[in-house]
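*Asks:* Okay, sequence plus prediction incoming.
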Amino acid sequence: MTDFISVIIPAYNAEATIGHTLSSALAQTGVELEVIVVDDGSTDRTAELVEAVSRRDGRIRLLRQRQGGVARARNLAIASAQGNYVAPLDADDIWHPEKLSRQLHLLRESPADVGMAYNWFRRIDEDDRVIPGSPRPTVDGWVFHRHLTWNFISNGSTPLIRRAVLDTIQYNAELYDRQLQGCEDYLIQLEIARHYRFACVPAFLTGYRQLPGAMSTNVERMIRSHIAVFEMIGEGADKQGRRLIGQQLARLHVELARTRLGKLDGQGVVRSVTRALAHDMGGATRSLRAELMKRVRRRVVYGPAEKPFSVFGSTDVDGAWALQRSRIELDNLEAMDRQRS
């Protein structure tokens, strides 16, 4: 079916948010879509709630699997998807009503080697209120080296991906199997960036929920998940990519040392710093300096979340955002990416 979109939602114990997430998917304007929810072995009422909504709206399908992680859930949904575009959506996130139509228009107008469109996002709390300071990056074209250095998409609910891309590139369940889940979305985005260009819709169209206890708030596991991603993506990377990966691994091992210092794990601190230096001595030194500066620098504190996501226009700025990378660094990374074209 031409220009049909399959929304894929992995859900594990998501009874508190799945209804709202489904509503935002079904409220998309100007597109034809189906919504495939994969219940990943939930022990709460997630599946029951999805079935209730599906009885009212035939665009929803519920699949079930024994708990196997978000990557397997998404792959299961993709295998049964009918659309020629796939839109991943986490079970606690929401979308602006124009999200899919604006991305679809951009991909329609783009060559086939543009495999994915993304947009800006707003962080939201448990009541959909926007946490100020939403980032506004615009990184287009071949982006592999820039995405290695800067995860400018930052979540899994933002991309719209051509189905043809996902016929050859799948979500990787290895992180879940190694108990390092958390960065599955970043990993597949990097894999896609090896082979396809990205395009950006410069608008705030995703509400990315920040909940206490959420996977992305488990600091040490997320650091270890990032380390695993860079080790995996390093296989087959070009010389420049491997150098950037070494710098990232050095930074992450320094961050891991910080978490172990907080646990008074002296041996763990030494191991992590040693590994950081082994990956990239210069990068490790810069990261150690940055960690020290964090302890003396006054932190920027944003205002409290007050207004709900729904009252913001798609291009309304909700607070100050500072690009924490130098223009020279970004220009150098863009030059690396342009060598791919």
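*Replies:* Happy to help now that I have it. Residues are numbered from 1 along each chain as shown.
*Asks:* Which positions in stretch 176-188 come out as buried?
*Replies:* For stretch 176-188, the neighbour count (16 or more other Cβ atoms under 10 Å) marks Tyr176, Leu180, Gln181, Gly182, Cys183, Glu184, Asp185, Tyr186, Leu187, Ile188 as buried. Bear in mind the C-beta positions are built from the backbone N, C-alpha and C, glycine included.
*Asks:* where exactly do the helices run in the stretch 201-341 of the chain?
*Replies:* Applying DSSP state H, counting those that start in this stretch to the stretch 201-341 of the chain gives helices spanning 219-233, 239-262, 266-279, 281-296, 327-338.
*Asks:* Could you list every helix and strand in contact with the second one?
*Replies:* Looking back up the chat, that one is helix 239-262. When contacts are defined as 3 or more Cβ pairs under 8 Å, 6 or more residues apart in numbering; DSSP states H and E, helix 239-262 packs onto helix 144-149, helix 219-233, helix 266-279, helix 281-296.
*Asks:* got the contact list for that helix?
*Replies:* Contact with helix 239-262 is made by 144-145, 148-149, 219-220, 223-224, 226-227, 230-231, 233-234, 237, 268-269, 272-273, 275-277, 279-284, 286-288, 291, 333, 336, as judged by Cβ atoms under 8 Å, 6 or more residues apart in numbering.
*Asks:* Give me the buried positions along it.
*Replies:* Neighbour counts over helix 239-262 (16+ other Cβ under 10 Å) mark 240-260 as buried.
*Asks:* among the contacts of helix 239-262, which ones are buried?
*Replies:* Of the contacts of helix 239-262, these count as buried by 16+ other Cβ under 10 Å: 144-145, 148-149, 223-224, 226-227, 230, 233-234, 237, 269, 272-273, 275-277, 279-280, 283-284, 287-288, 333, 336.
*Asks:* Let's have the buried residues of stretch 176-188 in a markdown table, adding secondary structure, pLDDT and distance to Glu34.
*Replies:* Output for the buried residues of stretch 176-188, formatted as a markdown table (DSSP: H, G, I helix; E, B strand; the rest coil; pLDDT from 0 to 100; distance: Cβ to Cβ, whole Å):
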| residue | secondary structure | pLDDT | distance to Glu34 |
| --- | --- | --- | --- |
| Tyr176 | helix | 97 | 25 |
| Leu180 | coil | 95 | 31 |
| Gln181 | coil | 94 | 26 |
| Gly182 | coil | 94 | 28 |
| Cys183 | coil | 97 | 27 |
| Glu184 | helix | 98 | 22 |
| Asp185 | helix | 98 | 21 |
| Tyr186 | helix | 98 | 26 |
| Leu187 | helix | 98 | 25 |
| Ile188 | helix | 98 | 21 |
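*Asks:* now the strand ranked longest in the chain, how far from the chain's geometric center?
*Replies:* In the chain, assigned by DSSP state E, the strand with the most residues is strand 197-209. Here strand 197-209 shows a centroid-to-chain-centroid distance of 11 Å under the convention Cα atoms, centre = their mean, to the nearest Å.
*Asks:* likewise stretch 78-86?
*Replies:* Distance of stretch 78-86 from the chain centroid (Cα atoms, centre = their mean) equals 19 Å.
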